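sequence-free structure coming up:
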Ligand code: SF4
């Protein structure tokens with residue numbers, strides 16, 4: 001397996017509590033297709049943490065994989081997190097991915113507080129889009145209301161929250177509703193971090209097949225920038241806005257609301273540059289062969 005983890009966890013100790021994804025249906029995702037999901041035994045995971053002590057010398061952050069460890073029973077995951085702090089007493093952060101639907105279906109507010117008290121300090125959640133139709137189209141398996149509820153549960157428990165947004169998920173045809181719906185959901189959640197990824201279609205992802213059949217039209221680089229601009233313009237949050245991923249065309253990074261004006265000007269500059277001279281597209285934006293190196 002490649003160890004899928006967010007770029008912000010590049011220096012973290014990587015520990016698998018579950019294997020692969022229990023949902024595995026998102027149309028844009030190629031990560032775990034064809035791989036069965038399973039929950040690992042707590043004792044086995046704890047032994048991995050002890051082994052990691054010999055490999056990760058001096059690491060201060062730890063990431064629990066794979067895609068949805070919160071599907072474990074709360075006391076089991078809490079025990080794994082506590083053991084991580086016992087083995088690595090200098091840890092300052094323990095994080096994991098979580099599906100919104102899993103949080104609201106399997107966790108109470110008390111469960112989330114138990115996990116926070118154990119030391120789970122940050123959750124990475126895939127919003128992808130806030131548009132209800134598009135969420136169904138890409139088979140995300142959660143509604144905007146459920147995503148808002150799950151996000152609020154994470155924040156109310158005292159954890160940090162990253163919400164991931166996929167620029168270009170609506171392609172050319174549904175870009176505007178994607179940007180507007182996403183801004184609406186993010187405004188209701190007010191997450192700690194909003195992190196952008198720009199869609200890259202891999203052959204294993206069902207959306208690739210839809211694009212091949214003409215049922216999905218991938219967004220152009222210029223319209224991807226316009227989409228980010230519209231999203232940013234509509235955001236009313238106190239969040240970090242980050243493009244910390246190789247799939248993005250431009251590094252649009254800042255703290256909202258303070259940096260909003262500068263980020264919009266940065267986007268406008270590049271949009272105008274490419275509108276006037278389309279040849280500039282691959283001179284100023286990340287080229288496709290780099291973007292697809294995930
Ligand atoms: S995007 Fe996340 S939840 Fe969806 S199939 Fe991929 S790993 Fe699973």
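Arrived safely. This structure is a prediction, so every number in the text was calculated from the model and none was measured. Residues are numbered from 1 along each chain as shown.

dump the residue contacts of the residue of the stretch 51-200 of the chain found nearest the ligand.
The ligand sits closest to residue 67 of the stretch 51-200 of the chain, with a gap of 3.7 Å, by CB to the nearest ligand atom. Bear in mind the C-beta positions are built from the backbone N, C-alpha and C, glycine included. Going by CB atoms under 8 Å, 6 or more residues apart in numbering, residue 67 touches 4, 18, 20, 21, 22, 23, 31, 32, 97, 99.

Equivalent analysis for residue 259, please.
So residue 259 contacts residue 241 (CB under 8 Å, 6+ apart).

ranges for the strands of the stretch 1-150 of the chain?
Secondary structure of the stretch 1-150 of the chain (DSSP state E, counting those that start in this stretch): strands at 13-16, 18-19, 38-39, 61-65, 93-97, 122-128.

re earlier: could the contacts of residue 67 be laid out in TSV, adding pLDDT and distance to residue 72?
What follows is the contacts of residue 67, written out as TSV (pLDDT from 0 to 100; distance: CB to CB, whole Å):
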residue	pLDDT	distance to residue 72
4	89	18
18	97	7
20	96	14
21	97	14
22	97	10
23	97	15
31	93	19
32	93	17
97	97	12
99	98	13
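
returning to what we had before: next, work out how far apart the residue of the stretch 51-200 of the chain closest to the ligand and residue 29 are.
For residue 67, the distance to residue 29 (CB to CB, to the nearest Å) stands at 9 Å.

now swap in residue 119 and tell me
Taking CB to CB, one finds residue 119 at 28 Å from residue 29.

Between those two, point out the one with more neighbours.
residue 29 (23 against 17; other CB atoms under 10 Å).

Please identify the buried residues of the helix or strand where residue 233 lies?
Counting by DSSP states H and E, the element that carries residue 233 is helix 221-234. Across helix 221-234, burial judged by 16 or more other CB atoms under 10 Å covers 221, 222, 223, 224, 225, 226, 227, 228, 229, 230, 231, 232.

Residue 194 is in contact with residue 239, correct?
Yes. If you go by CB atoms under 8 Å, residue 239 and residue 194 touch, sitting 5.0 Å apart.

Common neighbours of these two, please.
186, 256.

more crowded one of those two?
residue 194 (26 against 21).

Would you double-check that the more buried one falls in a strand?
Yes. Under DSSP: H, G, I helix; E, B strand; the rest coil, residue 194 sits within a strand.

List the residues that contact it.
So residue 194 contacts 162, 163, 165, 186, 235, 237, 239, 240, 241, 242, 256 (CB under 8 Å, 6+ apart).

So which residues of the stretch 1-150 of the chain form helices?
Here the stretch 1-150 of the chain has its helices, by DSSP state H, counting those that start in this stretch, at 42-55, 74-87, 100-106, 109-118, 132-137, 144-156.

Format these as CSV; extra columns: mean pLDDT and distance to the ligand.
What follows is those, written out as CSV (pLDDT from 0 to 100; distance: least, CB to the nearest ligand atom, whole Å):
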stretch, mean pLDDT, distance to the ligand
helix 42-55, 96, 19
helix 74-87, 98, 17
helix 100-106, 98, 9
helix 109-118, 98, 19
helix 132-137, 98, 11
helix 144-156, 98, 12
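
Can you tell me which of these is nearest to residue 281?
helix 132-137 (25.3 Å; CB to CB).

same for the closest one, what does it pack against?
Here helix 132-137 touches helix 175-189, going by 3 or more CB pairs under 8 Å, 6 or more residues apart in numbering; DSSP states H and E.
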